[in-house]
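Take a look and give me a structure for this.
(chains A and B)
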Amino acid sequence: GAVVSQHPSRVICKSGTSVKIECRSLDFQATTMFWYRQFPKQSLMLMATSNEGSKATYEQGVEKDKFLINHASLTLSTLTVTSAHPEDSSFYICSARLAGLTDTQYFGPGTRLTVL
Amino acid sequence: AQTVTQSQPEMSVQEAETVTLSCTYDTSENNYYLFWYKQPPSRQMILVIRQEAYKQQNATENRFSVNFQKAAKSFSLKISDSQLGDTAMYFCAFSISNTGNQFYFGTGTSLTVIP
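Next up is the predicted model:
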């Protein structure tokens, strides 16, 4: 149980285009999902917290107009990288919170974004 | 401020041996959860083990166990009978109860199991 999927796993796009990444909790409902960015050999950097039915909360230094987050249902959150530039190339990971006593986050497999 | 420190950037262990990864954290909160996640080369984050701070008993999951010392704010992970599939980055993390559950991650320890 507690499986999180992410799509696509890899995407290559041209500079200036927008890319949408989907994060789904497959067998549980997630009122809260998180989006992270990870650079090579580094830890996960929290970008934003996505709450179903409300606006996302962005971490300091993350441009909300650049990284649009929508959490329209209890099983789906999307991250759209708008007007992508090469510096946006990175590994993006989502997680979904399994509410309850343990408050554990379960992670998606990640999306490798390359902007040419 | 909440911080997590993993002081061992890289470690190695012989197959079938035991290895301990260290983690310390700092928080003024009393109710929180602690986690170890594994990130193999596939980069999928996998939950290894979790510990509720209010529990004194150390969590155990098969070959994985923790040594939780709340007063010292220490949360080390012991891997027994190491296997080649244990080769991965290991991240220590904690979250504060009922606050939206932001995770605070350590910088990770890269573990290599040597055949």
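
pretty sure A:Val4 contacts A:Gly110?
No: A:Val4 is not in contact with A:Gly110 according to Cβ atoms under 8 Å; the separation is 10.4 Å. All C-beta atoms are positioned from the backbone trio N, CA, C, and that covers glycine.

For chain A, give me the ranges with low pLDDT.
Counting by pLDDT under 70, chain A contains low-confidence residues at A:1, A:99-102.

Show the contacting residues for the residue nearest the centre of chain B.
Centre of chain B computed as the mean C-alpha position; nearest residue by Cα atoms, centre = their mean is B:Trp36, 3.2 Å away. Contact analysis of B:Trp36 by Cβ atoms under 8 Å, 6 or more residues apart in numbering or on different chains lists B:21, B:23, B:47-50, B:64, B:66, B:75, B:77, B:90-93.

what's the closest non-adjacent residue to it?
B:Val48 (4.3 Å; Cβ to Cβ, 6 or more residues apart in numbering or on different chains).

and the helix or strand hosting the one you found, what other elements does it pack with?
Assigned by DSSP states H and E, B:Val48 belongs to strand B:46-52. Judged by 3 or more Cβ pairs under 8 Å, 6 or more residues apart in numbering or on different chains; DSSP states H and E, the packing partners of strand B:46-52 are strand A:104-107, strand B:32-39, strand B:60-61, strand B:64-69, strand B:74-79.

And these: which comes nearest A:Ala72?
Shortest distance between A:Ala72 and the helices and strands packed on strand B:46-52, using Cβ to Cβ, is found for strand A:104-107: 19.6 Å.

now check the closest one, is it near chain B?
Yes: contact of strand A:104-107 with chain B (Cβ under 8 Å from any Cβ of the partner chain) involves A:104-107.

Out of those residues, the closest to A:Cys23 would be?
In terms of Cβ to Cβ, no member of the residues of strand A:104-107 next to chain B lies closer to A:Cys23 than A:Phe107, at 9.6 Å.

ok, that closest one - contacts?
Neighbouring residues of A:Phe107 by Cβ under 8 Å, 6+ apart: A:4, A:93-95, B:37, B:44-46.

Mark which of those are buried, thanks.
The neighbour-count test (16 or more other Cβ atoms under 10 Å in any protein chain shown) marks A:4, A:93-95, B:37, B:44-45 as buried among the contacts of A:Phe107.

Outside of the helix or strand of chain B with the lowest mean pLDDT itself, list whatever touches it.
Sorting the helices and strands of chain B by mean pLDDT, DSSP states H and E puts strand B:103-105 at the bottom, at a mean of 90. If you take Cβ under 8 Å, 6+ apart as the criterion, strand B:103-105 is touched by A:34, A:43-44, A:46, A:95, A:105, B:2-4, B:25, B:35, B:91-95.

Put the buried members of those residues into a ChimeraX selection.
The buried residues among the contacts of strand B:103-105 can be selected in ChimeraX (16+ other Cβ under 10 Å) with this line:
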select /A:34,43,44,46,95,105 /B:4,25,35,91,92,93,94,95
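
Out of the contacts of strand B:103-105, which comes closest to A:Ile69?
For these, the closest approach to A:Ile69 (Cβ to Cβ) belongs to A:Phe34, at 10.0 Å.
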